[in-house]
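Asks: sequence first, then the predicted structure:
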2 protein chains.
Amino acid sequence: MITKPAIRLACEPLSKERLRLWLKLLKTSGLIEDELRRRLRAEFGSTLPRFDVMSALSRSPDGLKMSEISKMLRVSNGNITGIVDKLSEEGLALRVAVPGDRRAHLVRLTKKGVRAFDELAKAHEVWVDEILSGLNADDIDGMIRRLDHLNHSISED
Amino acid sequence: MITKPAIRLACEPLSKERLRLWLKLLKTSGLIEDELRRRLRAEFGSTLPRFDVMSALSRSPDGLKMSEISKMLRVSNGNITGIVDKLSEEGLALRVAVPGDRRAHLVRLTKKGVRAFDELAKAHEVWVDEILSGLNADDIDGMIRRLDHLNHSISED
DNA sequence: CTTTAATATTTTAGGTATGAAATTTCAAGC
DNA sequence: GCTTGAAATTTCATACCTAAAATATTAAAG
C-alpha cells in the first residue's frame, strides 16, 4: 500500500508555492483595488488615498495628528501633507492647533467632510459586497482566518 | 429538534464580513509589498515596478509590445513608457523596431538586463519564502484555492 | 541657562500612476 | 488614390508616494 508522505523530502517546492501564493494575493488585491478606484472616481470624483484618510479621520472625531494618520495608513508623512492640504482646500478637513504643542496639528473632518464620507462609506460597503459576492460565509471565514494567521506571522517575526 | 437555518434571515452581517475580509486582504498584501519594496531598494537600489516590468520581459525573450506589458501588469500605457525609458537608459532593456509595423516597438531585456533580473528574481524568491515562512503547505494550499475562487468570481462577473 | 536629542511636520527631488489628448501609422472601404 | 477609423505609443496634467533633508518646537541633561 502506498501512503502519502508525512513529510516533504525537499523544501524547494514549498518556496515555489509561497511565491505562487504571493503573486495570487497581489493580483487579487490589485483587481479589487482597481475596481474600487474606478468606481470612486466615476461616481464621486474621488480617490482611494483620500477615502482612506477620511476614513481614518472619521473613526477619530477628536482629530488625529499627521503622524498618527501616516502610521495608521502605513504611508509616508510627507504624503499625508499633500492629501490633507487638498481635503482642506475643499473644505472637507481642517487643521486645528494643539494647545500645549506648537509643532503638531490635529486634523479633523468638517461637517461637510463627515457628510461626504458617510456617503462614500455607504457606497464603498455596497461595492465591496458586490465585488466579493462570489464568496459565501464559509469562504469568507476561511480566508479571514488564514489572513489573520499570515498577518500575525508577518508582523511578529 | 432544532436544525441549523438553511438560509440567513439578514444579509447585513455578511456584507460586513466581506468588508472585513477586504480590509485584511489589503493590509496583508500591503505589508508584504512594503517589505519587498524596502529590500529591493536597500539591497539592489531598485523598485517594484521595474522588477515587474523586467519580470514580464524575462518571461518573453522574443520581446513584448508596450501595450502587452501594460495589459499584463494592469497599469496604464503611459506609465510603462517612463519605466522602459529608465530601463533603457541603464542598458537593461531596449526597444526593437517591428518589421511590418512602424507604430509598435518590441521591448526586450539586454544581456545585462537578463543577468540583473536573474539576480533580482533569485533574491525575490528567497524574500517571499522568508516573509511567508509562517505558513505551512496546508495553509498555502488553502489560501491559493480560495484566492483562485475569488479571483475567478471577480473576473467573470 | 544652554547644549543636545527627540518629536512633528513640511519641503524637496525623483519615481510611479492615472486618464485623456495628441501623434503617427496601419488597414479597409469606396 | 483618398478618406475614415482603428491601433500603438507618447505626451500632458495631475495626483501619489517615498526617503531624506530642512524647519521648528519641545524636553531633558548637564
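Replies: Structure received. Residues are numbered from 1 along each chain as shown, chains lettered A, B, ... in the order given.
Asks: quick one: contacts for A:Arg39?
Replies: By Cβ atoms under 8 Å, 6 or more residues apart in numbering or on different chains, A:Arg39 lies in contact with A:123, A:127. Placement of C-beta: from N, CA and C, glycine included.
Asks: quick one: it from B:Thr110, how far?
Replies: 41 Å (Cβ to Cβ, to the nearest Å).
Asks: now A:His105
Replies: Here the criterion is Cβ to Cβ. By it, A:His105 lies 50 Å from B:Thr110.
Asks: what do you get for A:Glu43?
Replies: From A:Glu43 to B:Thr110 the distance is 44 Å (Cβ to Cβ).
Asks: who has more neighbours out of these two?
Replies: B:Thr110 (16 against 12; other Cβ atoms under 10 Å in any protein chain shown).
Asks: next to DNA strand C, which bits of chain A? Give me the list.
Replies: Residues of chain A lying near DNA strand C by Cβ under 7 Å from any atom of the strand: A:34, A:38, A:41, A:65-68, A:77-78, A:80-81, A:84, A:95, A:101, A:103-105.
Asks: if we use 10 Å, what do you get?
Replies: Residues of chain A lying close to DNA strand C by Cβ under 10 Å from any atom of the strand are A:30, A:33-34, A:37-38, A:41-42, A:47, A:63-71, A:76-85, A:88, A:95, A:98, A:101-107.
Asks: list the ones among the residues you listed that fall in helices.
Replies: Assigned to helices by DSSP state H, the following of the residues of chain A next to DNA strand C qualify: A:30, A:33-34, A:37-38, A:41-42, A:66-71, A:77-85, A:88.
Asks: buried among the residues you listed? Make that a PyMOL selection.
Replies: Typed into PyMOL, the line below selects the buried ones among those, using 16 or more other Cβ atoms under 10 Å in any protein chain shown:
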select buried, chain A and resi 33+66+68+69+70+80+83+84
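Asks: picking up where we left off before, check the residues of chain A next to DNA strand C one by one and keep those near chain B.
Replies: Filtering those for neighbours of chain B using Cβ under 8 Å from any Cβ of the partner chain leaves A:30, A:33-34.
Asks: list just the nearest of those to DNA strand D.
Replies: DNA strand D has its nearest neighbour among those in A:Glu33, at 9.6 Å by Cβ to the nearest atom of the strand.
Asks: near DNA strand D, anything from stretch A:16-26?
Replies: No: figure legend: stretch A:16-26 not in contact with DNA strand D (Cβ under 10 Å from any atom of the strand); closest approach 15.3 Å.
Asks: and that stretch, average pLDDT?
Replies: Regarding stretch A:16-26, the rounded mean pLDDT is 95.
Asks: which residues in chain A form strands?
Replies: Taking DSSP state E as the criterion, chain A contains strands spanning A:64-65, A:93-98, A:101-109.
Asks: would you indicate which residues of the second one are buried?
Replies: Judged by neighbour count using 16+ other Cβ under 10 Å, the buried positions of strand A:93-98 are A:93-94.
Asks: just checking, what packs against that strand?
Replies: Contact partners of strand A:93-98 among helices and strands, from 3 or more Cβ pairs under 8 Å, 6 or more residues apart in numbering or on different chains; DSSP states H and E: helix A:48-58, helix A:77-89, strand A:101-109.
Asks: in TSV, list the ones you listed along with distance to B:Glu156 and mean pLDDT.
Replies: Shown next, in TSV, are the helices and strands packed on strand A:93-98 (distance: least, Cβ to Cβ, whole Å; pLDDT from 0 to 100):
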stretch	distance to B:Glu156	mean pLDDT
helix A:48-58	24	97
helix A:77-89	35	96
strand A:101-109	38	95
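Asks: get me the contact residues on chain A for DNA strand D.
Replies: Counting by Cβ under 10 Å from any atom of the strand, chain A sits next to DNA strand D at A:33, A:37, A:40-41, A:46-53, A:70, A:73-87, A:89-90, A:97-104.
Asks: again, only this time at 6 Å
Replies: Within chain A, the residues that sit near DNA strand D (Cβ under 6 Å from any atom of the strand) are A:47, A:49-50, A:75-79, A:82-83, A:86, A:101-103.
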